[in-house]
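Trainee: pasted the sequence and its predicted model underneath.
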Amino acid sequence: MAERPHSPPGLPLVGSALDLGDDPLRFVTGLQRAYGDRYPLVQVDPVTGPTTNVLVDAGVVHEVLGDRERFRRPNLGPQAGRRQGLISSDGDLWETQREIIQPEFVGKRLASYADTTGDAVEALLTEWPEAGECDLLGEIGALTLQVIARSLFSYDVTRAESRRVRNALDTFGEELAFSPLGIVLPDSLQPGPSTAFEDANDALDAFANDVIDRHRARDDPPRNMLAALMAAKRDPSVELSEDELVDETVLFLTAGHETTALTITYAFYWLSQRPDVRRRVRAEADAVLDGDRPGWDDLPALEATERVVRETLRLTPAAWNVIRETRRPVRLGGYRLDEGELLFASPYAHGRDPAAWDDPDQFRPERWGADASRAADSYFPFGSGPRSCVGRQLALIEAQFALAGILSRYDVEVLVDEFDFRPAVTLQPTGDVPARLTARD
Ligand code: HEM
């Protein structure tokens, strides 16, 4: 086997880097289809900047994501080194943070978040008109931000705060989107963070500080994730600074709500493309909820709804790309990689791999019936290994409850034929997502 990975032919000088920056979704799905059965990984070779390898073998994806010793999660772009939260930290700090935070996402805590979600869905529906059009992503974003803020921080978010947070995330989306220049220019020539980007960061800091101050000001602070972090901060054996507390709060409030909002919004889109499936999910919601708000005990019975969420995460995974960096020279898939090379594992490309899925581009929740195991390795919308998503269960509960709760009371028609995506850190649409809402009789 060759020492260095295969490099697909591309444009002269900049190799295939321009394609990756230009239309990353088309590029990674194209690589998957062209090379998935021939190589474990292929190399994209920019003239400057780190060499990038796209992992086209699902087994190699899990090997890389499972190994913290050879590979680290890099902090790229204007965000580099800026915030030290569970998502961005490394080494001992990551281990400490994961130990503190993981228990907040199991057992009774999840059951209470489920009830919080049911209440938040109910509150949202009381604000909706009998009939009208809305920006669905904005509405669902307000819902999932409310769920995270109440569940982890016991904080009630106002509509104005919600708009500020979502505007900040929009600015991040624009700044962090893949672009041809971002891929081929050396670091020294990359444009620095814009003023808008700095303002967005300041807005998030201010919001997180409000959330923390409000918690501290309470006579009897509630038991929640923030309390767990503060208790750890008082422990002399744990190094957790005030800045890290703010960072953690910002990262959970943002990453913890945006991915879920995108997933629910895309699920409504796919259901608008498949009215027969939407009827089935609605009938299930009517039977299980019987006009009530969704609660923890309803979860196992929402089976058709769960299949819709899974299928949505296959075709439109909110985290479309997971990145690692080699810590030192390593061998992978029989090749030699240098220190500092990047590794791309795309849930989007693997989710649409014809070698793993029948009719890969079709939205068919039915495929998640009894024989769904064949393509299990190609399905990793929440990552894999020790750094996989800590909020996975909560995200699934939120998505199922939002779909069932809303469809039991409203018809939702997404007025978009096909999405024009802006793949940044998350898989965002380029604009609003207009939808028609009609209250059911
Ligand atoms: C459908 C919604 C979601 C999707 C698709 C998603 C996806 C992911 C993926 C792919 C990773 C792994 C990234 C990597 O390995 O580099 C991840 C990690 C993470 N997610 Fe999620 N996520 C979702 C919802 C949530 C929620 C609701 C929360 C918090 C309440 C959350 C918090 C985190 C955190 C803190 C990490 C970092 C874990 C670590 O490094 O130890 N996510 N997520």
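Mentor: Yes, it's here. This one's a predicted model, so the numbers in the text were calculated from it and none came from an experiment.
Trainee: contact residues of the chain facing the ligand?
Mentor: Counting by Cβ under 6 Å from any ligand atom, the residues of the chain close to the ligand are 65, 73, 86-87, 98, 148, 252, 255-256, 259-260, 263, 317-319, 322, 381-383, 387-391, 394-395. Yep, even glycine has a C-beta here, placed from its N, CA and C like the rest.
Trainee: pull out the buried members of these.
Mentor: Listed as buried from the residues of the chain next to the ligand are 65, 73, 86-87, 148, 252, 255-256, 259-260, 263, 317-319, 322, 381-383, 387, 389-391, 394-395; burial here means 16 or more other Cβ atoms under 10 Å.
Trainee: among the residues you listed, which are located in strands?
Mentor: residue 322 (DSSP state E).
Trainee: which parts of the stretch 101-250 of the chain are strands?
Mentor: With strands called from DSSP state E, counting those that start in this stretch, the stretch 101-250 of the chain shows them at 131-135.
Trainee: same check on the stretch 251-400 of the chain?
Mentor: 322-326, 330-332, 335-337, 342-345.
Trainee: Throw those strands into TSV and include mean pLDDT, thanks.
Mentor: Below are the strands of the stretch 251-400 of the chain laid out as TSV (pLDDT from 0 to 100):
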stretch	mean pLDDT
strand 322-326	94
strand 330-332	97
strand 335-337	95
strand 342-345	94
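Trainee: show me the residues of the chain next to the ligand that map onto helices.
Mentor: Residues of these located in helices (DSSP state H): 65, 98, 148, 252, 255-256, 259-260, 263, 394-395.
Trainee: between which two of those residues is the distance greatest?
Mentor: Greatest spacing in those, by Cβ to Cβ: 65 and 148 (24.3 Å).
Trainee: can you give me the offset of stretch 224-237 from its chain's centre?
Mentor: 26 Å (Cα atoms, centre = their mean, to the nearest Å).
Trainee: next one: stretch 247-267
Mentor: 7 Å.
Trainee: can I get that stretch in PDB, CA atoms only?
Mentor: C-alpha atoms of stretch 247-267 as PDB (Å, rounded to 0.1, in the frame of the first residue of the first chain):
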ATOM      1  CA  ASP A 247     -17.700  29.600  28.200                       C
ATOM      2  CA  GLU A 248     -19.500  26.500  29.200                       C
ATOM      3  CA  THR A 249     -22.700  28.400  29.600                       C
ATOM      4  CA  VAL A 250     -22.400  30.000  26.200                       C
ATOM      5  CA  LEU A 251     -21.500  26.700  24.500                       C
ATOM      6  CA  PHE A 252     -24.400  24.800  26.000                       C
ATOM      7  CA  LEU A 253     -26.900  27.500  25.300                       C
ATOM      8  CA  THR A 254     -25.800  27.700  21.700                       C
ATOM      9  CA  ALA A 255     -24.700  24.200  20.600                       C
ATOM     10  CA  GLY A 256     -27.300  22.700  22.800                       C
ATOM     11  CA  HIS A 257     -30.200  24.400  21.100                       C
ATOM     12  CA  GLU A 258     -29.200  25.100  17.500                       C
ATOM     13  CA  THR A 259     -28.500  21.500  16.400                       C
ATOM     14  CA  THR A 260     -31.800  20.400  17.800                       C
ATOM     15  CA  ALA A 261     -33.700  23.300  16.300                       C
ATOM     16  CA  LEU A 262     -32.300  22.500  12.800                       C
ATOM     17  CA  THR A 263     -33.200  18.800  13.200                       C
ATOM     18  CA  ILE A 264     -36.800  19.500  14.100                       C
ATOM     19  CA  THR A 265     -37.100  22.100  11.300                       C
ATOM     20  CA  TYR A 266     -35.700  19.700   8.800                       C
ATOM     21  CA  ALA A 267     -38.000  16.900  10.100                       C
END
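Trainee: what's in contact with the helix or strand where residue 436 lies?
Mentor: If you go by DSSP states H and E, residue 436 is part of strand 434-439. The contact list for strand 434-439, computed with Cβ atoms under 8 Å, 6 or more residues apart in numbering, reads 128-136, 268, 409-416.
Trainee: quick check, the residue in the stretch 301-441 of the chain closest to the ligand?
Mentor: Using Cβ to the nearest ligand atom, the closest approach of the stretch 301-441 of the chain to the ligand is made by residue 391 at 2.2 Å.
Trainee: identify the residue spatially nearest to that residue, adjacent ones excluded.
Mentor: residue 256 (5.6 Å; Cβ to Cβ, 6 or more residues apart in numbering).
Trainee: so which bits of stretch 113-130 are buried?
Mentor: 113-121, 124-125, 128.
Trainee: out of the residues you listed, flag the one nearest to the ligand.
Mentor: Nearest member of the buried residues of stretch 113-130 to the ligand, counting by Cβ to the nearest ligand atom, is residue 113, at 8.8 Å.
Trainee: what about the closest residue to residue 303 other than its chain neighbours, neighbour count?
Mentor: Spatially, and ignoring its direct neighbours in sequence, residue 303 is nearest to residue 284 (7.2 Å; Cβ to Cβ, 6+ apart). Residue 284: 21 surrounding residues under other Cβ atoms under 10 Å.
Trainee: surely residue 284 touches residue 302?
Mentor: Yes: in this structure, residue 284 is within contact of residue 302 by Cβ atoms under 8 Å, at 6.5 Å.
Trainee: overlap in contacts of the two?
Mentor: residue 404.
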